[in-house]
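Visitor: This is a predicted model, with the sequence first.
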Amino acid sequence: MDIITLSNNYNLYKEKLLRKRRFKYTDFCQVINKHLDKENINFSEPEFSFEGRKIFVMTYGTGETKILIFSQMHGNEPVSTEALMDFLNFLETDKNWSKKVTLIIIPLLNPDGNEKFDRRNAQGIDINRDAMTLISPEARILMKIHERFSPDFALNLHDMEPHYTSKPENLQTVLAVLAPECDEKGSLNTARKRAVKVISGIITAVKPLIPNRLAKYTDKFTPEAFGDTFMQKGTASILLETGSIFNDKERIFARKIVFLSIVKAVDLIALKGYLHSPIGTYLKLPDNEKNNAFDLKIEKLSVKSNRGDYQLDIGIRRVKKTLNDEDFADEFSDYRIVNIGDLRRFGAIKSFDGSDYVFSGNYSEIFIGQKAAFEISSTKKNEIINIKSLL
């Protein structure tokens, strides 16, 4: 599977009915309806969310190796579902895997959360922290499907906040991957080793498209999460986290990368290509650093005061207007100063060289929480910039 060629042909598979990052359940159903009578994909009787919305379960192929693929456990993570809808379009044209694998696909596991653009389901439950108690119907559905098919592999698709970066370059992470742990010791049991090998193959394939923008998601044993639970049950679980990149509000580029990653994962499993992947490719991947980037970093800005002039860096980031830390920052447009001083170790979605500029106000007006609406003046030309214009 040549990922570069597939990347160049992505528009052939991109689902045109889902153009925006946020979509409604009715939009999603419209896409599903396109596949109901197609040859390659078979639909089971639908399941139902807490509020009664249909949760679709579909299968592809008759192969011995079974792969469970599910998206949007969290309602405010829709790009993963869009990438999966692109993958469905790809499946409609594919004839190579049908006798090698059986795919069990559950797109949009949390339709109630999607309607509210909320991480949790209608009961206020985080489905991905409900693998042990199974309070939510959505968690019960996922566990029931897992027990029915006993999949060899599982692909769990998510989105993540825009302020994650990969070390050491501190560039925005476009794709984060994870082979969830199966115990507190971080052991590599048989299932986890298989997951690591598949991920290593994915990394090798997509790295040329996103150099220095790949990272390993937080590697901490979470027994109430489905990835960790499935791993303990012998299913090689793989998390793919859709990130973002500057000036791509709809996350179209990251969506393509996740689509390519799904295709590559299935191809590696179907053709047993993962058997030759070195586990070190995954283990050496840099960690995904949360809140390690600013939306804008102004570097070496001069500040005048009656106690002497000095230079500093200013870090500006979107802040969430709600009290819900699970909301995504890129849904808001309130930019504030969140750090001041020597910020060289932090990344930035956008950087501005302020070495030839001076802060236009009094030094006391620079403080944590200040709105990013202040002005800076050029020391070399007749120019005044309002910081809002840089955001």
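Guide: Good, I have the coordinates.

Visitor: and the protein, what are its domains?
Guide: By the assignment in automatic domain parsing, the chain contains the domains 3-289, 293-390.

Visitor: what about dumping the CA coordinates of the helix or strand hosting Q311 to CSV?
Guide: Q311 is part of strand 310-319 when elements are defined by DSSP states H and E. Output in CSV follows, covering the C-alpha atoms of strand 310-319 (Å, rounded to 0.1, in the frame of the first residue of the first chain):
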residue,chain,number,x,y,z
TYR,A,310,14.2,44.9,29.2
GLN,A,311,13.2,42.2,26.7
LEU,A,312,10.8,39.3,27.2
ASP,A,313,8.7,36.7,25.5
ILE,A,314,4.9,36.7,25.7
GLY,A,315,2.8,33.5,25.2
ILE,A,316,-0.8,34.0,24.1
ARG,A,317,-3.4,31.2,24.0
ARG,A,318,-7.1,30.8,23.5
VAL,A,319,-8.9,30.3,26.8
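
Visitor: what's it packed up against?
Guide: Applying 3 or more C-beta pairs under 8 Å, 6 or more residues apart in numbering; DSSP states H and E, one finds that strand 310-319 makes contact with strand 293-294, strand 296-303, strand 334-341. The way it works is simple: take the backbone N, C-alpha and C, and place the C-beta from them, glycine included.

Visitor: looking at those, which is closest to S377?
Guide: strand 296-303 (9.5 Å; C-beta to C-beta).

Visitor: relative to strand 310-319, how tilted is the closest one?
Guide: Relative orientation of strand 296-303 with respect to strand 310-319: 150 degrees, computed using axes from the mean of the first three to the mean of the last three C-alpha atoms, to 10 degrees.

Visitor: List the buried residues of strand 296-303.
Guide: Under the neighbour-count criterion of 16 or more other C-beta atoms under 10 Å, strand 296-303 has L296, K297, I298, E299, L301, S302, V303 buried.

Visitor: What is the nearest of these to D183?
Guide: The closest of the buried residues of strand 296-303 to D183 turns out to be K297 (C-beta to C-beta; 39.7 Å).

Visitor: Now do the same contact list for that closest one.
Guide: Residues in contact with K297 (C-beta atoms under 8 Å, 6 or more residues apart in numbering) are D313, I314, G315, I316, L343, F346, A348, K350, S351, F352.

Visitor: just V206 next, same as before
Guide: Contacts of V206 (C-beta under 8 Å, 6+ apart): I3, L175, L214, I257, L260, S261, K264.

Visitor: and it, how far is that from L260?
Guide: Using C-beta to C-beta, to the nearest Å, V206 is found at 6 Å from L260.

Visitor: Quick check: neighbours shared by the two?
Guide: Taking C-beta under 8 Å, 6+ apart as the criterion, V206 and L260 both touch I3.

Visitor: Give me the number of neighbouring residues for the closest residue to G113 other than its chain neighbours.
Guide: Among residues not flanking G113 along the chain, G75 sits closest, at 2.1 Å (C-beta to C-beta, 6 or more residues apart in numbering). Neighbourhood size, G75 [other C-beta atoms under 10 Å]: 23.

Visitor: just checking, G75 touches G124?
Guide: No. With contact defined as C-beta atoms under 8 Å, G75 does not reach G124; the gap is 11.4 Å.

Visitor: so where do the strands sit in the stretch 151-300 of the chain?
Guide: 153-159, 165-166, 171-172, 175-178, 214-216, 236-242, 288-289, 293-294, 296-303 (DSSP state E, counting those that start in this stretch).

Visitor: what about the last one, average pLDDT?
Guide: Same thing as strand 296-303. Averaging pLDDT along strand 296-303 gives 97.

Visitor: what angle separates that strand from strand 334-341?
Guide: Relative orientation of strand 296-303 and strand 334-341, computed by the same axes, to 10 degrees: 60 degrees.

Visitor: what does the first one give?
Guide: Computed with the same axes, to 10 degrees, the direction of strand 153-159 lies at 100 degrees from that of strand 334-341.

Visitor: give the contact list for K233.
Guide: K233 touches H146, A191, counting by C-beta under 8 Å, 6+ apart.
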